[in-house]
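Engineer: Output the structure for:
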Amino acid sequence: MRYRNRIKLAPGLHINLSGSGVSTTLGVKGASVNLGKSGAHLNTGIPGTGLYNRSKISSASNGSSNKISKNQTQVGVKLDLNDNYEPVIEIYDDRGIDITTQASIAKIKRSPEYKANLLKIYELYYNDIIEETTQFTDIYKHIVPPISKKEIQEEIDNLKLHKYRKKPFDKSKPSVDSVKNILSNEAVRKFNSVLFWKNKKNRLEYIESNLDKRLNDLIAQWEEQKEDFEKSEIIREKESNEDSLKTYQTKKDILIKNLNGTENFVLQNFEAILNEIDIKPEFFVDFEYNEDDKTFLIDLDLPEIEHLPKETATILKSGKLSVKNKSEKQLREDYAQCATGLGFLIGGIAFLCSAGIEKVKVSAYTQRIDKKDGQTKNDYIYSIEFDIDNFSKINFKQIDSVIAFKSFEHKMELSNSSVFKTINMD
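Structural biologist: Now for the predicted structure:
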């Protein structure tokens, strides 16, 4: 993990260095005013290119020469911590060339902005170091409460089969009046002679002579359209209802399998969830599910204590970051939280697979060297049986996973110094 923070005095205000001392630049990217011992200069340029032009706009307040210092350089300052968590300053010019010197570092360190930004860096590192540990010790706090049989049954009861309602044919049947209007408009366009006194008679004759045939033609056309529409609605109704029935039956089947805790349903869900989760500790599981007594049996291969983060951090009153290696006792306590937390997490995942699951038995083991023959073997360090009723009542954000084991039937020997002893699985 590495954090970099450009030293900023305010939005658009950056520290700059020159041969004659520290100066500052005010303004936005591409256009700024540089205030230094050599006076004020206007800097204009193309953001991101490092190119800018410079013209002097005032003299220094102390009446110094108007000559621009050739050493005046606009720079970027990067602040980070090294592997020993000590501050490191890097200074680059506008071309990206490293121009870091001990003298320029000393100038930066004397600025109040340096301390403010260093405190931010310390806080970022502190948060990351602490989070690295909590990713191992607090994994049970993200368990999703299992859904109950009552909730599943309510979903089944509330399922509705949606049926398609055929739409009516909304086009009006041609009438005598509507056809007369059509013919009247046609007659107006057809008979518009300058002999206007003849137009009216011709138009009336046109309407009367064409009315019956046009009406019959339009009615026949309307009836054909109506028949085609009603046929298409019958097809649409059948297809839609078939799709709705399929969807309804699929949803109902899934809910019933969920309610009953059928074997294939449970195992498919368990594998799917395991393939999706992304947590820090690496672990492996062997599992089987007994549909008859609704019990999940899980063997949990735990991560080793060597895999846990070994550093811890504190922020001192001065604001400085203090990073130390954890004591052996701290590591063992973290491991106890991690090992028991994983048990709860796996139990929670199992119960998520189906509301029909009543019990989850988790047996956890770790690899240890047998002092008799020097060979690595699997040592079981706890076994716990979760029942759905008590598991559902837990507020996982508030518990201590080691203490919470006492709420369930379990076998675990954990010493006061957080050492797991091997348990007998017979």
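
Engineer: from here on, contacts and neighbour counts on C-alpha atoms
Structural biologist: Noted.

Engineer: Burial check on F136, number of neighbours?
Structural biologist: F136: 24 surrounding residues under other C-alpha atoms under 10 Å.

Engineer: ditto for D177
Structural biologist: By the measure other C-alpha under 10 Å, the count of residues near D177 is 11.

Engineer: Model confidence for it, exactly?
Structural biologist: pLDDT recorded at D177 is 95.

Engineer: gap between it and S184?
Structural biologist: Taking C-alpha to C-alpha, to the nearest Å as the measure, D177 and S184 are separated by 10 Å.

Engineer: which regions of the chain sit below the pLDDT cut-off?
Structural biologist: Applying pLDDT under 70 to the chain flags residues 1-75.

Engineer: Can you give me the domain assignment for it?
Structural biologist: For the chain, automatic domain parsing gives the domain ranges 5-110, 149-253, 262-412.

Engineer: Tabulate those (JSON lines), appending distance to L124.
Structural biologist: Below are the domains of the chain laid out as JSON lines (distance: least, C-alpha to C-alpha, whole Å):
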{"stretch": "domain 5-110", "distance to L124": "11"}
{"stretch": "domain 149-253", "distance to L124": "43"}
{"stretch": "domain 262-412", "distance to L124": "10"}
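
Engineer: what helix or strand does W197 sit in?
Structural biologist: Assigned by DSSP states H and E, W197 belongs to helix 196-260.

Engineer: related to what we said a few turns ago, figure out which of the domains of the chain is closest to Q135.
Structural biologist: With C-alpha to C-alpha as the criterion, Q135 lies closest to domain 262-412 of the domains of the chain, at 6.0 Å.

Engineer: could you measure the spatially closest residue to P309 that is not a sequence neighbour against F270, distance?
Structural biologist: In this structure, P309 finds its nearest non-sequential neighbour in T133, 5.9 Å apart by C-alpha to C-alpha, 6 or more residues apart in numbering. Applying C-alpha to C-alpha, the value for T133 to F270 is 27 Å.

Engineer: thinking again about what came up before, looking at the domains of the chain, which one is packed in the most?
Structural biologist: Mean neighbours per residue, mean count of other C-alpha atoms under 10 Å, is largest over these for domain 262-412, with a mean of 17.

Engineer: on that earlier part again, can you tell me which helices and strands the helix holding W197 packs against?
Structural biologist: Here helix 196-260 touches helix 149-158, helix 176-190, helix 263-276, going by 3 or more C-alpha pairs under 8 Å, 6 or more residues apart in numbering; DSSP states H and E.

Engineer: Repeat the analysis, applying 6 Å as the threshold.
Structural biologist: Judged by 3 or more C-alpha pairs under 6 Å, 6 or more residues apart in numbering; DSSP states H and E, helix 196-260 is in contact with no other helix or strand.

Engineer: how far away is the residue lying closest to Q367 once chain neighbours are set aside from E282?
Structural biologist: The shortest distance from Q367 to any residue other than its chain neighbours is 4.7 Å, reached at N378 (C-alpha to C-alpha, 6+ apart). Using C-alpha to C-alpha, N378 is found at 16 Å from E282.

Engineer: Next: S193.
Structural biologist: S193 is 96 Å from E282, where distance means C-alpha to C-alpha.

Engineer: Next: K324.
Structural biologist: Distance of K324 to E282, given as C-alpha to C-alpha: 25 Å.

Engineer: how much space between the most centrally placed residue in the chain and L342?
Structural biologist: In the chain, the centroid-proximal residue (C-alpha atoms, centre = their mean) is D278; its distance is 12.2 Å. Counting by C-alpha to C-alpha, the separation of D278 from L342 is 13 Å.

Engineer: And S417, by the same measure?
Structural biologist: Per C-alpha to C-alpha, S417 is found 20 Å from L342.

Engineer: Then D426?
Structural biologist: Separation of D426 from L342 (C-alpha to C-alpha): 23 Å.

Engineer: Repeat that for D292.
Structural biologist: Per C-alpha to C-alpha, D292 is found 26 Å from L342.

Engineer: and what of D293?
Structural biologist: 24 Å.

Engineer: likewise V88?
Structural biologist: V88 is 39 Å from L342, by C-alpha to C-alpha.

Engineer: how much space between K246 and D80?
Structural biologist: In terms of C-alpha to C-alpha, K246 sits 60 Å off from D80.

Engineer: my bad, should have said L345
Structural biologist: From L345 to D80 the distance is 37 Å (C-alpha to C-alpha).

Engineer: same question, D170
Structural biologist: Using C-alpha to C-alpha, D170 is found at 74 Å from D80.

Engineer: likewise I305?
Structural biologist: As judged by C-alpha to C-alpha, I305 and D80 stand 30 Å apart.
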